[in-house]
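Peer 1: Need a 3D model of the following:
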Amino acid sequence: MKESIQYGKQEIEFELQYSNRKTIGIKILPDTSVFVVAPLEISLEKIKELLLKKAHWICKQQSYFLNFDATEISYEIKSGYSILYLGRQYKLIVEKSDKEEVTDKGNLFLITVKNKEKAKMLFDEWLKQRAHSKISEIAKPIIKKFSERFKAPNHIYFQDMPTRWGSCTIKNKLIFNPKLIHTPKRCIEYVIMHELCHTVHKHHNKDFFDLLTLMMPDWEKRKEKLDSFA
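Peer 2: Below is the predicted model of the structure:
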(Lines give C-alpha, C1' and ligand atoms only; values in the text may rest on other atoms or scores of the structure.)
Protein backbone atom coordinates (compact mmCIF):
# COMPACT_ATOMS: atom_id res chain seq x y z
CA MET A 1 0.00 0.00 0.00
CA LYS A 2 1.10 3.58 -0.66
CA GLU A 3 1.75 5.83 2.37
CA SER A 4 3.74 8.98 3.07
CA ILE A 5 5.34 11.07 5.82
CA GLN A 6 6.11 14.78 5.97
CA TYR A 7 9.76 15.67 6.57
CA GLY A 8 10.04 19.44 6.78
CA LYS A 9 8.84 20.74 3.41
CA GLN A 10 9.42 17.37 1.74
CA GLU A 11 6.87 14.62 1.42
CA ILE A 12 8.40 11.14 1.41
CA GLU A 13 6.18 8.54 -0.22
CA PHE A 14 6.76 4.86 0.45
CA GLU A 15 5.36 1.49 -0.51
CA LEU A 16 4.42 -0.50 2.60
CA GLN A 17 4.23 -4.27 2.80
CA TYR A 18 3.60 -6.42 5.89
CA SER A 19 5.33 -9.75 6.52
CA ASN A 20 6.25 -12.20 9.28
CA ARG A 21 9.62 -10.55 9.83
CA LYS A 22 10.52 -9.22 13.31
CA THR A 23 11.99 -5.85 12.33
CA ILE A 24 11.19 -3.06 9.88
CA GLY A 25 13.21 -3.06 6.66
CA ILE A 26 13.72 0.04 4.51
CA LYS A 27 15.05 -0.12 0.96
CA ILE A 28 15.72 2.79 -1.42
CA LEU A 29 15.54 1.64 -5.03
CA PRO A 30 17.59 3.15 -7.91
CA ASP A 31 14.50 5.04 -9.15
CA THR A 32 14.50 6.75 -5.67
CA SER A 33 11.27 4.99 -4.58
CA VAL A 34 11.09 3.88 -0.94
CA PHE A 35 10.04 0.31 -0.07
CA VAL A 36 9.20 -0.64 3.53
CA VAL A 37 8.57 -4.15 4.91
CA ALA A 38 7.12 -4.26 8.45
CA PRO A 39 6.03 -6.90 10.99
CA LEU A 40 2.30 -7.66 11.04
CA GLU A 41 1.81 -6.45 14.61
CA ILE A 42 3.34 -2.97 14.21
CA SER A 43 0.91 -0.08 13.70
CA LEU A 44 1.16 2.39 10.82
CA GLU A 45 1.76 5.16 13.36
CA LYS A 46 4.84 3.37 14.72
CA ILE A 47 6.13 2.71 11.20
CA LYS A 48 5.82 6.40 10.29
CA GLU A 49 7.51 7.36 13.56
CA LEU A 50 10.52 5.20 12.68
CA LEU A 51 10.62 6.53 9.11
CA LEU A 52 10.71 10.10 10.43
CA LYS A 53 13.79 9.17 12.47
CA LYS A 54 15.33 7.73 9.29
CA ALA A 55 14.14 10.59 7.03
CA HIS A 56 17.54 12.24 6.74
CA TRP A 57 19.13 8.93 5.70
CA ILE A 58 16.30 8.25 3.22
CA CYS A 59 16.77 11.68 1.58
CA LYS A 60 20.52 11.10 1.44
CA GLN A 61 20.03 7.82 -0.41
CA GLN A 62 17.55 9.36 -2.83
CA SER A 63 19.99 12.18 -3.50
CA TYR A 64 22.72 9.62 -4.15
CA PHE A 65 20.71 7.91 -6.89
CA LEU A 66 19.60 11.20 -8.41
CA ASN A 67 23.22 12.31 -8.73
CA PHE A 68 24.72 9.02 -9.90
CA ASP A 69 23.86 9.64 -13.55
CA ALA A 70 26.17 9.25 -16.55
CA THR A 71 23.72 10.15 -19.31
CA GLU A 72 24.86 13.72 -20.00
CA ILE A 73 28.37 12.99 -21.25
CA SER A 74 28.42 13.38 -25.03
CA TYR A 75 30.72 14.74 -27.71
CA GLU A 76 31.04 15.48 -31.43
CA ILE A 77 34.02 14.41 -33.51
CA LYS A 78 35.09 17.43 -35.54
CA SER A 79 38.39 19.24 -35.95
CA GLY A 80 38.72 22.01 -33.39
CA TYR A 81 36.26 20.40 -30.99
CA SER A 82 37.43 18.98 -27.66
CA ILE A 83 36.68 15.96 -25.51
CA LEU A 84 37.16 15.12 -21.84
CA TYR A 85 39.62 12.32 -21.20
CA LEU A 86 40.51 11.45 -17.60
CA GLY A 87 39.09 14.82 -16.60
CA ARG A 88 41.22 16.89 -19.00
CA GLN A 89 40.25 18.61 -22.21
CA TYR A 90 41.82 17.10 -25.34
CA LYS A 91 41.57 18.81 -28.70
CA LEU A 92 40.36 16.77 -31.68
CA ILE A 93 41.97 16.91 -35.12
CA VAL A 94 40.32 14.99 -37.99
CA GLU A 95 42.34 14.51 -41.18
CA LYS A 96 41.81 12.50 -44.37
CA SER A 97 44.34 9.72 -44.91
CA ASP A 98 44.64 6.23 -46.32
CA LYS A 99 45.64 5.15 -42.83
CA GLU A 100 42.70 4.92 -40.41
CA GLU A 101 43.78 5.32 -36.79
CA VAL A 102 43.62 7.45 -33.65
CA THR A 103 46.86 8.85 -32.26
CA ASP A 104 47.37 10.37 -28.83
CA LYS A 105 49.65 13.41 -29.25
CA GLY A 106 50.13 15.31 -26.00
CA ASN A 107 46.91 17.21 -25.33
CA LEU A 108 45.18 16.25 -28.58
CA PHE A 109 43.78 13.24 -30.41
CA LEU A 110 44.58 12.96 -34.11
CA ILE A 111 41.99 10.96 -36.05
CA THR A 112 42.94 9.96 -39.57
CA VAL A 113 40.29 8.41 -41.84
CA LYS A 114 39.58 7.87 -45.52
CA ASN A 115 36.07 9.28 -45.07
CA LYS A 116 35.55 11.93 -42.39
CA GLU A 117 31.97 10.79 -41.92
CA LYS A 118 33.38 7.64 -40.34
CA ALA A 119 35.56 9.55 -37.88
CA LYS A 120 33.16 9.20 -34.96
CA MET A 121 32.73 5.46 -35.47
CA LEU A 122 36.50 4.98 -35.52
CA PHE A 123 37.07 7.20 -32.49
CA ASP A 124 34.23 5.64 -30.47
CA GLU A 125 35.68 2.16 -30.93
CA TRP A 126 39.18 3.38 -30.07
CA LEU A 127 37.96 5.21 -26.97
CA LYS A 128 36.00 2.18 -25.75
CA GLN A 129 39.09 -0.03 -26.04
CA ARG A 130 41.18 2.63 -24.30
CA ALA A 131 38.57 2.89 -21.54
CA HIS A 132 38.65 -0.86 -20.93
CA SER A 133 42.42 -0.99 -20.65
CA LYS A 134 42.87 2.23 -18.63
CA ILE A 135 40.06 1.59 -16.14
CA SER A 136 41.32 -1.99 -15.67
CA GLU A 137 44.79 -0.59 -14.98
CA ILE A 138 43.39 1.84 -12.38
CA ALA A 139 41.34 -0.93 -10.77
CA LYS A 140 44.21 -3.35 -10.12
CA PRO A 141 45.81 -1.65 -7.08
CA ILE A 142 42.39 -0.79 -5.61
CA ILE A 143 41.20 -4.40 -5.85
CA LYS A 144 44.52 -5.55 -4.37
CA LYS A 145 44.08 -3.16 -1.42
CA PHE A 146 40.49 -4.29 -0.88
CA SER A 147 41.39 -7.99 -1.11
CA GLU A 148 43.76 -7.62 1.85
CA ARG A 149 40.65 -7.34 4.06
CA PHE A 150 37.84 -8.93 2.03
CA LYS A 151 37.33 -11.42 -0.76
CA ALA A 152 37.37 -9.47 -4.03
CA PRO A 153 36.61 -10.40 -7.67
CA ASN A 154 39.62 -11.08 -9.90
CA HIS A 155 38.10 -9.50 -12.99
CA ILE A 156 36.01 -6.47 -13.92
CA TYR A 157 33.59 -6.10 -16.83
CA PHE A 158 32.31 -3.25 -18.97
CA GLN A 159 28.88 -2.34 -20.22
CA ASP A 160 27.24 0.79 -21.56
CA MET A 161 24.77 1.86 -18.88
CA PRO A 162 22.47 4.85 -19.44
CA THR A 163 22.14 5.84 -15.78
CA ARG A 164 24.96 4.20 -13.83
CA TRP A 165 28.72 4.57 -13.57
CA GLY A 166 29.05 1.07 -12.20
CA SER A 167 27.21 -1.85 -10.64
CA CYS A 168 27.79 -4.94 -8.53
CA THR A 169 25.59 -7.97 -9.21
CA ILE A 170 24.22 -10.39 -6.62
CA LYS A 171 27.10 -12.72 -7.52
CA ASN A 172 29.63 -9.89 -7.04
CA LYS A 173 30.35 -9.31 -10.72
CA LEU A 174 31.72 -5.77 -11.04
CA ILE A 175 30.55 -3.88 -14.13
CA PHE A 176 31.71 -0.41 -15.14
CA ASN A 177 30.51 2.15 -17.64
CA PRO A 178 33.21 2.92 -20.26
CA LYS A 179 32.13 6.59 -20.04
CA LEU A 180 34.11 6.76 -16.82
CA ILE A 181 37.12 7.39 -19.05
CA HIS A 182 35.93 11.00 -19.38
CA THR A 183 36.26 11.60 -15.63
CA PRO A 184 39.40 12.15 -13.50
CA LYS A 185 41.35 9.19 -12.19
CA ARG A 186 40.29 10.02 -8.60
CA CYS A 187 36.64 9.68 -9.63
CA ILE A 188 37.25 6.35 -11.34
CA GLU A 189 38.98 5.10 -8.20
CA TYR A 190 35.94 6.14 -6.15
CA VAL A 191 33.48 4.25 -8.38
CA ILE A 192 35.66 1.14 -8.27
CA MET A 193 35.90 1.25 -4.46
CA HIS A 194 32.18 1.97 -4.19
CA GLU A 195 31.29 -1.15 -6.15
CA LEU A 196 33.85 -3.23 -4.27
CA CYS A 197 32.14 -2.25 -1.01
CA HIS A 198 28.91 -3.60 -2.48
CA THR A 199 30.50 -7.05 -2.52
CA VAL A 200 30.29 -6.87 1.28
CA HIS A 201 27.15 -4.75 1.79
CA LYS A 202 24.59 -4.79 -1.02
CA HIS A 203 22.52 -1.83 0.14
CA HIS A 204 23.36 1.79 0.85
CA ASN A 205 22.96 1.41 4.59
CA LYS A 206 25.13 2.64 7.46
CA ASP A 207 27.38 -0.44 7.27
CA PHE A 208 28.04 0.23 3.60
CA PHE A 209 29.02 3.87 4.12
CA ASP A 210 31.10 2.99 7.18
CA LEU A 211 33.05 0.51 5.06
CA LEU A 212 33.42 2.96 2.18
CA THR A 213 34.72 5.61 4.58
CA LEU A 214 37.17 3.12 6.09
CA MET A 215 38.53 2.11 2.67
CA MET A 216 38.42 5.59 1.11
CA PRO A 217 38.11 8.39 3.71
CA ASP A 218 37.77 11.16 1.11
CA TRP A 219 35.09 9.42 -0.97
CA GLU A 220 32.59 12.27 -0.57
CA LYS A 221 34.96 14.80 -2.19
CA ARG A 222 35.62 12.35 -5.03
CA LYS A 223 31.89 11.77 -5.54
CA GLU A 224 31.23 15.53 -5.55
CA LYS A 225 33.80 15.88 -8.32
CA LEU A 226 32.26 12.96 -10.22
CA ASP A 227 28.80 14.54 -9.99
CA SER A 228 30.11 17.59 -11.84
CA PHE A 229 30.75 15.39 -14.90
CA ALA A 230 27.20 13.97 -14.99
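Peer 1: can we go C-alpha only for contacts and neighbour counts from here?
Peer 2: Noted.
Peer 1: which SSE is residue 143 in?
Peer 2: In this structure, residue 143 sits in helix 119-147 according to DSSP states H and E.
Peer 1: now residue 211
Peer 2: Secondary structure (DSSP H and E) places residue 211 in helix 206-215.
Peer 1: Same check on residue 14?
Peer 2: Per DSSP H and E: strand 10-19 holds residue 14.
Peer 1: Could you list the low-pLDDT ranges of the protein?
Peer 2: Scanning the chain for pLDDT under 70 picks out 30-31, 63-73, 229-230.
Peer 1: coming back round to it: flag every buried residue along whatever helix or strand comes next after the strand holding residue 14.
Peer 2: As assigned by DSSP H and E, the chain's next helix or strand after strand 10-19 is strand 25-28. Using 16 or more other CA atoms under 10 Å as the test for burial, strand 25-28 gives 26, 27, 28.
Peer 1: Find the residue closest to the spatially most central residue of the chain in space, skipping its chain neighbours.
Peer 2: The structure's the chain has its C-alpha centroid closest to residue 165; by CA atoms, centre = their mean the separation is 3.1 Å. Nearest residue to residue 165, sequence neighbours excluded (CA to CA, 6 or more residues apart in numbering): residue 177, at 5.1 Å.
Peer 1: show me what contacts residue 61?
Peer 2: 28, 32, 204 (CA atoms under 8 Å, 6 or more residues apart in numbering).
Peer 1: Any chance of CSV for the residues you listed, columns distance to residue 43?
Peer 2: Converted to CSV, the contacts of residue 61 look like this (distance: CA to CA, whole Å):
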residue, distance to residue 43
28, 21
32, 25
204, 26
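Peer 1: Residue 132: which of those is nearest?
Peer 2: The shortest gap between residue 132 and any of the contacts of residue 61 belongs to residue 204, at 26.7 Å (CA to CA).
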